[in-house]
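Asker: structural data only, the sequence is not supplied:
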């Protein structure tokens, strides 16, 4: 039996959907009579960076060089510190529109980047042959 990563649950209301390159917020409160659905979409580089951080930076730091290698160079893209900062900044802004903190992804000077949020659960599906 094989399992493949489908996405992530962030908290109880945000689903990261890898296949559709988006994150959606679905309200879970029963007390509200109004339902507000929100979604943000990611380009390929932003999604690769976000997934790499969700997988590798939930419990520790990921170095800038590691991100350059796995997100940019392995995909035949040219990395730069400015581009990395820009993508992380834009990613944090998108995530904040879903209700996540604006410092969801933080940098630790000289140590790299990490996810500043505890409640993240990977979601898998069973691959049948």
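Answerer: That came through fine. Keep in mind the model is a prediction, meaning the values are calculated, not measured. Numbers count the residues shown, from 1 in each chain.
Asker: shaky segments in the protein?
Answerer: The chain contains residues with pLDDT under 70 at 29-35.
Asker: let's see that with 80 instead.
Answerer: Along the chain, segments meeting pLDDT under 80 span 1, 27-36, 129.
Asker: can you map out the strands along it?
Answerer: Under the criterion DSSP state E, strands of the chain are mapped to 2-10, 14-17, 22-25, 38-41, 105-108, 112-115, 120-127.
Asker: residue boundaries of the helices in the protein?
Answerer: Under the criterion DSSP state H, the chain contains helices at 44-56, 64-67, 81-97.
Asker: which of these is buried the deepest?
Answerer: helix 44-56 (a mean of 18; mean count of other C-beta atoms under 10 Å). Just so you know, the C-beta spots here come from the backbone N, C-alpha and C atoms, and that holds for glycine as well.
Asker: that one to helix 81-97, inter-axis angle?
Answerer: Interaxial angle of helix 44-56 relative to helix 81-97 (axes from the mean of the first three to the mean of the last three C-alpha atoms, to 10 degrees): 80 degrees.
Asker: ok, and what's touching helix 44-56?
Answerer: 8, 16, 18, 21, 42, 62, 66-67, 70-72, 75, 77, 84, 87-88, 90-91, 94, 105, 113-115, 120, 122 (C-beta atoms under 8 Å, 6 or more residues apart in numbering).
Asker: if I look at the nearest residue to residue 1 once chain neighbours are set aside, how far off is residue 7?
Answerer: Among residues not flanking residue 1 along the chain, residue 126 sits closest, at 6.2 Å (C-beta to C-beta, 6 or more residues apart in numbering). Applying C-beta to C-beta, to the nearest Å, the value for residue 126 to residue 7 is 15 Å.
Asker: of those two, who's got more company?
Answerer: residue 7 (21 against 8; other C-beta atoms under 10 Å).
Asker: show me the contacts for the more buried one.
Answerer: Contacts for residue 7 (C-beta under 8 Å, 6+ apart) come out as 15, 16, 17, 18, 19, 122, 123.
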